[in-house]
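Engineer: here is a sequence with its predicted model. Questions after.
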Amino acid sequence: MTLLLTLYLLINVAILKIFVGKKIKKAGIERDTFQAKFYEILNSSFGNFKIIKLKTINFLLLC
């Protein structure tokens, strides 16, 4: 009886790993691309603040 239960559980784990694993991998790839775009937008936005701050400092030093 224990052997049958073990085989049943192993088969279920294998099936879940095959089907759910593919979906998790696909979702991870999508998340990676969206997250890369998000951080690129944040980086460019905060980079612009640095440029504005440096221009203000240079302007104040020249005056």
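Structural biologist: Noted; the coordinates are in hand.

Engineer: next, count neighbours for residue 21.
Structural biologist: Residue 21 sits with 10 neighbouring residues when counted by other Cβ atoms under 10 Å. In this view, the C-beta of every residue, glycine as well, is placed from N, C-alpha and C.

Engineer: quick one: it from residue 49, how far?
Structural biologist: 42 Å (Cβ to Cβ, to the nearest Å).

Engineer: quick one: low-confidence parts of the chain?
Structural biologist: 48, 50-54, 57-63 (pLDDT under 70).

Engineer: where along it do the helices fall?
Structural biologist: 2-62 (DSSP state H).

Engineer: point to the residue nearest the middle of it.
Structural biologist: Taking Cα atoms, centre = their mean, the centroid of the chain lies closest to residue 32, which sits 3.9 Å from it.

Engineer: okay, that one and residue 5: tell me how far apart.
Structural biologist: 39 Å.

Engineer: again, but for residue 26
Structural biologist: Counting by Cβ to Cβ - residue 26 and residue 5 are separated by 32 Å.

Engineer: next one: residue 40
Structural biologist: From residue 40 to residue 5 the distance is 51 Å (Cβ to Cβ).

Engineer: same check, this time on residue 22
Structural biologist: Distance from residue 22 to residue 5, by Cβ to Cβ: 27 Å.

Engineer: for stretch 24-31, buried residues please.
Structural biologist: Residues of stretch 24-31 classed as buried: none (neighbour count, 16 or more other Cβ atoms under 10 Å).

Engineer: mind saving the C-alpha coords of that stretch as PDB?
Structural biologist: The C-alpha atoms that make up stretch 24-31 are tabulated as PDB, following Å, rounded to 0.1, in the frame of the first residue of the first chain:
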ATOM      1  CA  ILE A  24       6.700  29.700 -13.800                       C
ATOM      2  CA  LYS A  25       9.700  30.000 -16.200                       C
ATOM      3  CA  LYS A  26       7.600  32.000 -18.700                       C
ATOM      4  CA  ALA A  27       6.300  34.300 -16.000                       C
ATOM      5  CA  GLY A  28       9.800  34.900 -14.800                       C
ATOM      6  CA  ILE A  29      11.000  35.900 -18.200                       C
ATOM      7  CA  GLU A  30       8.100  38.300 -18.600                       C
ATOM      8  CA  ARG A  31       8.800  39.800 -15.200                       C
END
